[in-house]
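Student: Here is my input; please provide its structure:
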Amino acid sequence: MDHRLTRLSKRLSFILRHHPEKIGIKLDQYGRTDLANLIQQFNRHYGTPISRSTIEEIIRQSDKQRYAIEGATIRALYGHSVPVKPLTPPQMPPVYLYHGTSHAAAKLIETEGLKKMDRDFVHLSANPQMAIQVGQRRDPHPVVFKVAAQAAAHHQFLFYPTKSGVWLVDSMPAQFLTRL
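Tutor: Below you'll find the model as predicted:
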């Protein structure tokens, strides 16, 4: 994505994942909001022209698939710090999932497990490469944990898949984690 679309995508993430009130919109229990109202309020607040076609272009060009337009509504697919319910039912995950993190956070994770912190869910990656990419946001040489996801599912942990290969879970105890 070019710089302009990246900037707009980051602003959309901020609004749809964390602070809808910043521009005066409300999310429903699943994180959806009226698209026309979002565009109107976004343009009023930021003074940056955004349109449905611009948002569709962001969705097409993004490798992360952060948003979905559903009829007259839009929502962020994952990453919320405001409370939202998952739209998909829980599913049996792959045998293993992965989590990339910083060295500082890894020390705590080894003893306390993965916690959602300021988000609604813990995010797990479908493969080690994705986990490395995510971990590199905070550490140039991240630590990757292999998560025994199916074993955790058999212990009543619920896993929610997203379109982008991210799996969501409420928490993950250290007993299901192996540092790679």
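
Student: Which secondary structure elements does the helix or strand of the chain with the lowest mean pLDDT sit against?
Tutor: When each helix and strand of the chain is scored by mean pLDDT, DSSP states H and E, strand 67-70 comes last, with a mean of 84. Applying 3 or more CB pairs under 8 Å, 6 or more residues apart in numbering; DSSP states H and E, we find strand 67-70 packed against helix 52-61, strand 73-76. All C-beta spots, glycine's among them, are computed from the backbone N, C-alpha and C.

Student: List the buried residues for the longest one?
Tutor: Neighbour counts using 16 or more other CB atoms under 10 Å place 54, 55, 57, 58, 59 of helix 52-61 among the buried residues.

Student: one step back: could I get the helices and strands packed on strand 67-70 as JSON lines with mean pLDDT and distance to residue 15?
Tutor: Formatted as JSON lines, the helices and strands packed on strand 67-70 follow (pLDDT from 0 to 100; distance: least, CB to CB, whole Å):
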{"stretch": "helix 52-61", "mean pLDDT": "92", "distance to residue 15": "12"}
{"stretch": "strand 73-76", "mean pLDDT": "90", "distance to residue 15": "9"}
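
Student: Now do the helices in this protein.
Tutor: 3-13, 35-46, 52-61, 103-112, 128-135, 149-153 (DSSP state H).

Student: okay, these in JSON lines with distance to residue 142 next?
Tutor: Formatted as JSON lines, these follow (distance: least, CB to CB, whole Å):
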{"stretch": "helix 3-13", "distance to residue 142": "21"}
{"stretch": "helix 35-46", "distance to residue 142": "32"}
{"stretch": "helix 52-61", "distance to residue 142": "25"}
{"stretch": "helix 103-112", "distance to residue 142": "8"}
{"stretch": "helix 128-135", "distance to residue 142": "3"}
{"stretch": "helix 149-153", "distance to residue 142": "19"}
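
Student: Check the spacing between residue 69 and residue 35 real quick.
Tutor: 6 Å (CB to CB, to the nearest Å).

Student: These two: who's more crowded?
Tutor: Per other CB atoms under 10 Å, whichever of residue 69 and residue 35 has more neighbours is residue 35, with 17 against 14.

Student: In terms of pLDDT, where does that one sit?
Tutor: pLDDT recorded at residue 35 is 96.

Student: hey, what's the nearest residue to it once chain neighbours are set aside bridged with?
Tutor: Computed as CB to CB, 6 or more residues apart in numbering, the closest residue to residue 35 that is not its neighbour in sequence is residue 74, at 4.6 Å. Beta-bridge partners recorded for residue 74 (DSSP bridges): residue 33, residue 69.
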